[in-house]
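Chemist: would you be able to build a 3D model of this:
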Amino acid sequence: MLEILLGFAIAVSIGLSGVGGGTLTAPVLILFLGVAPEVAVGTALLFSVFAKIPAGLVYLARRQVNLRALGWLLAGGVPAVAAGSLLLGALKGHKDAVLVVIGLTIVAVALINLFLTARKVRPRNLHPAWVVLAAAFIGLEVGFSSAGAGALGTLLLMSGTRLPPGAVVGTDIWFGLTLAAVGGGLHAALGQADFSLLLKIAAGGLLGSLAGAWLAQRIAQHPFRLGLLLWLMFIGSHLVLRGAPSLAR
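Modeler: Next up, the predicted model:
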């Protein structure tokens, strides 16, 4: 029952804040359910696929997905998310180091989201090679931590292209969805995903996504988003503090 409630709460939070499923799910599974970091990341990525599909189809139907920009993102992101997933599998015996890296990533993603919330980014046309390189960095950390495709992908598209806002969101959703599918599938193949847990949080997530969509029309989202980002910084810091003492010895 706790797993279903957590899935519900995560999906409601996504609907109200726009913060990605991977960023929220992995630390919740680690801290509240005691799931091993590599299993939490794999399960979070698979959950993120289910969470992004409905919105992805809506933006695709609206023709708000720029296939050229998406191709650049995937050229760098897909190989890198595979590398990040394999790296996490190789380091799963070093749990404390993994916790520190995941925690730092979540704090960084929360800070970037706060930056995007507070400031307007000036768009420019980056050379495609730079977009591919930046997407590779995003893919690497998504495969390792499940966090960041939404915030970092949005920042890259907003600052590196001149796509209209709707196309930025739609293109980034499909970028994140593809990374989650590739990374989550690879984690599952390595035995780093809990399908029983996934079904429970997905069941709660289905109800939560409906509730989040309903609430988003009735309450102010900006204060909720700020509060959630501050909370993410807190739990990311908690993961760092949990793993850092062992590394210091």
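
Chemist: okay, CA-based contacts and neighbour counts for the rest of this
Modeler: Fine.

Chemist: packing partners for whichever strand or helix holds residue 14?
Modeler: Using DSSP states H and E, the element containing residue 14 is helix 2-17. When contacts are defined as 3 or more CA pairs under 8 Å, 6 or more residues apart in numbering; DSSP states H and E, helix 2-17 packs onto helix 21-33, helix 195-216, helix 221-248.

Chemist: now, of those helices, which is deepest in the fold?
Modeler: helix 21-33 (a mean of 22; mean count of other CA atoms under 10 Å).

Chemist: that one vs helix 221-248, what angle?
Modeler: For helix 21-33 against helix 221-248, the angle by axes from the mean of the first three to the mean of the last three CA atoms, to 10 degrees is 60 degrees.

Chemist: pLDDT of the helix or strand following helix 21-33, averaged?
Modeler: Under the assignment DSSP H and E, the closest C-terminal helix or strand after helix 21-33 is helix 37-61. What helix 37-61 shows for mean pLDDT is 88.

Chemist: what does the helix or strand following helix 37-61 contact?
Modeler: If you walk from helix 37-61 toward the C-terminus, the next helix or strand you reach (DSSP H and E) is helix 67-90. Helix 67-90 has contacts (CA atoms under 8 Å, 6 or more residues apart in numbering) with 38, 98, 128, 131-144, 171-172, 174-175, 178-179, 182-183, 186-187, 190, 192.

Chemist: which strands or helices does the helix or strand that helix 67-90 is followed by pack on?
Modeler: Counting by DSSP H and E, the next helix or strand C-terminal to helix 67-90 is helix 95-118. If you count contacts as 3+ CA pairs under 8 Å, 6+ apart, helix 95-118 packs onto helix 21-33, helix 37-61, helix 128-145, helix 149-160, helix 221-248.

Chemist: please redo it, this time with the cut-off set to 6 Å
Modeler: helix 221-248 (3 or more CA pairs under 6 Å, 6 or more residues apart in numbering; DSSP states H and E).

Chemist: quick revisit: distance to residue 92 and mean pLDDT added to the helices and strands packed on helix 2-17, as CSV?
Modeler: CSV is the format used below for the helices and strands packed on helix 2-17 (distance: least, CA to CA, whole Å; pLDDT from 0 to 100):
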stretch, distance to residue 92, mean pLDDT
helix 21-33, 14, 87
helix 195-216, 19, 83
helix 221-248, 13, 82
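
Chemist: quick one on the thing from earlier: from the contacts of helix 67-90, list the buried ones, please.
Modeler: 38, 98, 128, 131-144, 171-172, 174-175, 178-179, 182-183, 186-187, 192 (16 or more other CA atoms under 10 Å).

Chemist: just list the residues touching residue 11, thanks.
Modeler: 205, 208, 209 (CA atoms under 6 Å, 6 or more residues apart in numbering).

Chemist: the last one and residue 232: what is the separation?
Modeler: By that I understand residue 209. 20 Å (CA to CA, to the nearest Å).

Chemist: so who does residue 243 touch?
Modeler: Counting by CA under 6 Å, 6+ apart, residue 243 has contacts 96, 99, 100.

Chemist: give me that answer again for 7 Å
Modeler: 96, 97, 99, 100 (CA atoms under 7 Å, 6 or more residues apart in numbering).

Chemist: what's the burial count for the third one?
Modeler: In this case it means residue 99. 26 (other CA atoms under 10 Å).

Chemist: give the contact list for it.
Modeler: By CA under 7 Å, 6+ apart, the neighbours of residue 99 are 37, 239, 240, 243.

Chemist: from residue 38, how far out is it?
Modeler: Residue 99 is 10 Å from residue 38, by CA to CA.

Chemist: just to revisit the earlier point, going by distance to residue 12, which of the contacts of residue 11 wins?
Modeler: Proximity of those to residue 12 (CA to CA) peaks at residue 208, which lies at 4.8 Å.
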